[in-house]
Every structure is written in structure tokens, then in C-alpha cells.
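Trainee: Just to be clear, the model below is a prediction. Sequence and coordinates:
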Amino acid sequence: MNRRERFLEEMGLGPVWRLRRRDAGGPRAEAAEATEAPQTTEAPEAVEPAAPEPAHRVQAGATRSRGAGVQARAAALETDPRAAAIARMDWEELKASAAACSACGLCKGRTQAVFGVGDEAAPWMVVGEAPGAEEDARGEPFVGQAGRLLDAMLAAIGLARGRGVYIGNVIKCRPPGNRNPEPQEVARCAPYLARQIELVRPRVILALGRFAAQALLSSDATIASLRGRVLRYRGIPTIVSYHPAYLLRNLPDKSKAWEDLCLARRTLAEAAQGSGPAAD
């Protein structure tokens, strides 16, 4: 057993992280993937199961979605002075603006905005969904059990919170009762995440959870259909995986999350060598 395996064993993750064949899960595993719950750990709302789409259909749909997303962002900057102003902010201005934001109703129930944490010039960026109760109280994304699991996942590939990775969320304020974010809330918060990514300039993005993947890729595809592929957000390689809160309830899928981490690490290494993989 090597050092990494011993570390994972101590965290209670060792046996579960062992790689397995992608087709080993069968229909039952696919159904579990399609029912991934949102990031928060308090009574998450169930998601209607959906079968994975054929690869050619997902690829065509993602291409159309990316084109539509670029056009929508350009139009938003032209017609929304708020989005245009956020797109010009530096780090300090961005943090202050997010802390004082009242663009949607979520501001009324928050303790504080949960902006982001980590290396602001990191090659890795992790994007989650929305703050839970502990995140709202502490003002930092991915804390509690889900945060400890994320830290263990990052440690397994040689990263640590605050070193080599920046961590943020699609939504900066906690939805009441840890419900799913609503489309208008995602839309009002989107300029903040877009500017964070522009400032960090990561070489790879790890999108954790359904809402993170759908927001970044402008797609309503399932996690099952997006996993295992190198996608792109504004040209940046983007890997989709499960949220740690979901993995805490579905231990067998940790092996799939490990595959996703390995894909992200390999994608980053290939990009550094100037031979990065083409997007699907």
C-alpha cells in the first residue's frame, strides 16, 4: 500500500476509490447517477431519474448550447449594465459587490455571501452549487462533511485548499431550506462566477454537481451523460463529476469520482505539454 492509499484508508475512502470498469455499474448505477441530489446535505430534493442520452446527441446538443450560451452572454453584457460592471471588476471590487448583492431574494435569508476561497491564480478551479447551512455560517464553500471529503479528494491528487486550487460556487447565497437554486437566481449570480473564472484563469475546471455542470455548460444534460469527457467552458477544459454531498450518500460512486479526478489531472498535464485533448 503506497502513501496515497494509506491516506485514503485513514479517511475511510481507500477501498472505495479503487478504479473499476466503467460498465460495471449497469442500469442501476446509471439510475443512481441520474438522481444525483443537490450539493447541500440537509433533506435534499430528489431529482427525477433520466436515462443517459446517446453520445452523438449529447455532443450535438452541447455544441448548440455552447453557441447559444456565448451569444446570450454577449447580449447580456450589452443590455445589462450590472453584468457589464461586474465583468470589469478586480478581486476586491468583486468580493465587495458580492457581499452587498441584493439582485435576488436570496440576500434576505443569508448570514453572509459565500464568495470563494483558495489560490486566486490556480491552475485548478472547483465549482460547486450553492452554500449549505455550515457554509452560510462560516462564509466558505465546501465545509462540514462534504468539505472534508472534497479536501481528501484534492489531497489524493496532490492539491490542498488554498494551494493550487480555487474553490467557488454557482450561487453565493444559501437557498432557504437548502432547496434547489431557481433559474433566475442562477442567472443573477452568473456574472460573479464568470468574472471569478476570468480572474483565476484556470487551466482546468472541475464542475461538481448537476447545477454546476448545467450552469457552466449551458446544458440540461444529466451527470451520467457529461461524465468521462473533456468539455469546455469558454475554451477551458471542464470535467464534470459528482458533488461530495452526493458521494457521502452513494459510496460506490466514489470510484467514478476518482476516475473523473484522474481525467482532470491527465487533461491538465496534456495541456501543459501543448497536446491537450479536443473537446467532445
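Mentor: Yes, it's here.

Trainee: Looks to me like Q196 is in a helix.
Mentor: Yes - using DSSP: H, G, I helix; E, B strand; the rest coil, the assignment for Q196 is a helix.

Trainee: Please look at it and G116 and confirm they touch.
Mentor: Yes - counting by C-beta atoms under 8 Å, G116 is a contact partner of Q196 at 5.9 Å. (Each C-beta comes from the backbone N, C-alpha and C, glycine too.)

Trainee: Common neighbours of those two, please.
Mentor: Common neighbours of Q196 and G116, counting by C-beta atoms under 8 Å, 6 or more residues apart in numbering, are Y166, G168.

Trainee: which stretches of this protein form helices?
Mentor: In the chain, the segments counted as helices under DSSP state H are 3-10, 26-34, 55-79, 81-86, 91-100, 133-138, 144-156, 183-200, 210-217, 223-226, 244-249, 254-272.

Trainee: mean pLDDT lowest for which of those?
Mentor: By mean pLDDT, the lowest-scoring of the helices of the chain turns out to be helix 26-34, with a mean of 39.

Trainee: L94: how many residues sit nearby?
Mentor: The burial count assigned to L94 is 21, neighbours taken as other C-beta atoms under 10 Å.

Trainee: That one and L193 touch, don't they?
Mentor: No - L94 lies out of contact with L193 (C-beta under 8 Å); the separation is 10.4 Å.

Trainee: Nearest residue to the middle of the chain?
Mentor: The centroid of the chain falls nearest to A207 when counting by C-alpha atoms, centre = their mean (2.6 Å).

Trainee: how close does the nearest residue to that residue once chain neighbours are set aside get to G128?
Mentor: Among residues not flanking A207 along the chain, A213 sits closest, at 4.5 Å (C-beta to C-beta, 6 or more residues apart in numbering). Distance from A213 to G128, counting by C-beta to C-beta, to the nearest Å: 11 Å.

Trainee: tell me how far the ends of stretch 227-236 are from each other?
Mentor: When the termini of stretch 227-236 are compared using C-alpha to C-alpha, to the nearest Å, they are 16 Å apart.
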